[in-house]
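Visitor: Need a 3D model of the following:
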Amino acid sequence: MSTPPLKQASGPAFTRIYSYGAARGENAVPNDDLVGPIDSSDEWIRQRTGIVTRTRAVPTTSATDLATIAAAEAVARSGVPADRIDLVIAATISNSRQTPSMSAVVADRIGANPAAAYDANAACAGFAYGVAQADALIRAGAAHYAVVVGAEKLSDVVDPTDRSISFLLGDGAGAVVIGPSETPAIGPTVWGSDGSKADAVGMNATLTEFRDGTAEWPTLRQEGPTVFRWAVWEMVKVARQAIEEAGVEPSDLAAFVPHQANMRIIDEFAKQLKLPETVVIARDIETTGNTSAASIPLATHRLLEEHPELHGGLALQIGFGAGLVFGAQVVVLP
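Guide: This is a model prediction of the structure:
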């Protein structure tokens with residue numbers, strides 16, 4: 001019996017980002033509100049991290065709520081009808097339910113039902129991973145228009161007495177709409193992982209340990225010096241590779257949007273990449289904090305509002321965090 005040939009889906013040659021959307025936690029939480037339990041000071045936090053305040057959501061607002069607001073804004077700004085969105089990818093580590101997925105709920109709420117929907121857990125690299133996947137799936141013909149949203153409510157997984165990471169973290173969501181393009185507008189993604197350093201950032205317990213009474217509610221912890229060295233030395237190589245694979249030079253960039261992990265890391269990054277002064281560097285961390293998967297789109301959304309001249313320019317974005325995982329690409333800003 002002969003097998004008939006299968007048809008193979010195919011899509012457009014290129015994709016681009018059409019628009020951004022954003023949502024931040026309702027409350028601005030200054031350093032002074034957090035320093036008591038960690039026996040610290042506003043000055044210490046500013047010097048170590050560059051954070052003056054961070055946004056945190058009220059108890060009744062979930063990460064899914066933040067994701068919905070950001071995704072809805074991105075769709076409204078894109079000019080693409082919501083019912084033509086046929087793929088939703090949510091990058092998150094803080095969905096309070098392991099299932100159902102955040103993405104399916106968001107797809108329904110924004111009017112994209114029955115879009116394909118799934119969540120991606122790649123921590124602070126999650127948004128870059130989502131962009132890579134949406135780009136590839138659209139070009140393969142598996143989708144036509146995609147929403148990629150990074151959304152976190154990290155205040156749910158914070159121990160106020162932890163000095164390693166708790167004071168860094170904020171709540172928010174950032175989203176983009178990605179669709180066909182006549183010219184290349186999303187460069188090759190440089191991504192990967194190093195599970196040998198899995199203990200450097202992550203949860204300090206499992207849900208089963210919490211259930212069995214052998215651990216407190218799981219919260220985030222990090223080995224600060226280990227993460228700092230890895231981010232500054234190894235991730236700069238990844239950023240350089242993303243620029244090279246996109247076929248551009250650092251001087252061609254209009255903006256640099258690293259994961260908003262720590263202001264010292266951001267400044268050292270820019271220094272080692274030898275970025276010219278014409279490149280605008282995202283420093284959203286100062287007033288938003290570290291929002292993991294949400295940080296890159298949130299920072300880009302703010303850059304475009306504050307610097308309209310960046311529209312149509314090239315931006316290098318790089319995410320890196322728990323896993324350890326990393327992802328970077330050069331994109332054309334809408």
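
Visitor: other SSEs contacting the strand or helix carrying Phe326?
Guide: Using DSSP states H and E, Phe326 sits within strand 325-332. Packing partners of strand 325-332 (3 or more CB pairs under 8 Å, 6 or more residues apart in numbering; DSSP states H and E): strand 14-24, helix 126-139, strand 190-193, helix 235-245, strand 314-321. No exception for glycine: its C-beta is placed from N, CA and C like everyone else's.

Visitor: got the angle between that strand and strand 314-321?
Guide: Strand 325-332 runs at 170 degrees relative to strand 314-321, counting by axes from the mean of the first three to the mean of the last three CA atoms, to 10 degrees.

Visitor: starting at the chain centroid, how far to strand 325-332?
Guide: Distance of strand 325-332 from its chain centroid, counting by CA atoms, centre = their mean, to the nearest Å, is 10 Å.

Visitor: just to revisit the earlier point, format the helices and strands packed on strand 325-332 as CSV; extra columns: mean pLDDT and distance to Val279.
Guide: Shown next, in CSV, are the helices and strands packed on strand 325-332 (pLDDT from 0 to 100; distance: least, CB to CB, whole Å):
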stretch, mean pLDDT, distance to Val279
strand 14-24, 98, 18
helix 126-139, 98, 18
strand 190-193, 98, 19
helix 235-245, 97, 11
strand 314-321, 97, 9
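
Visitor: For Ala261, which of the ones you listed is the nearest?
Guide: Of all the helices and strands packed on strand 325-332, it is strand 314-321 that lies closest to Ala261, at 7.2 Å by CB to CB.

Visitor: Give me the angle between the closest one and helix 126-139.
Guide: Using the same axes, to 10 degrees: strand 314-321 against helix 126-139 is 120 degrees.

Visitor: Strand 314-321 pairs with which strands, parallel or anti?
Guide: Strand 314-321 pairs in its sheet with strand 255-258 (parallel), strand 325-332 (antiparallel), by DSSP bridges.

Visitor: Determine how far that strand lies from the middle of the whole chain.
Guide: Averaging C-alpha positions (CA atoms, centre = their mean) puts strand 314-321 9 Å from its chain's average.

Visitor: And stretch 142-162, by the same measure?
Guide: Offset of stretch 142-162 from its chain centre (CA atoms, centre = their mean): 8 Å.

Visitor: In that stretch, which residues have enough neighbours to count as buried?
Guide: Residues of stretch 142-162 classed as buried by neighbour count (16 or more other CB atoms under 10 Å): 142-159, 162.

Visitor: Among those, which ones are in strands?
Guide: Mapping the buried residues of stretch 142-162 onto strands (DSSP state E) picks out Ala146, Val147, Val148, Val149, Gly150, Ala151, Glu152, Lys153.
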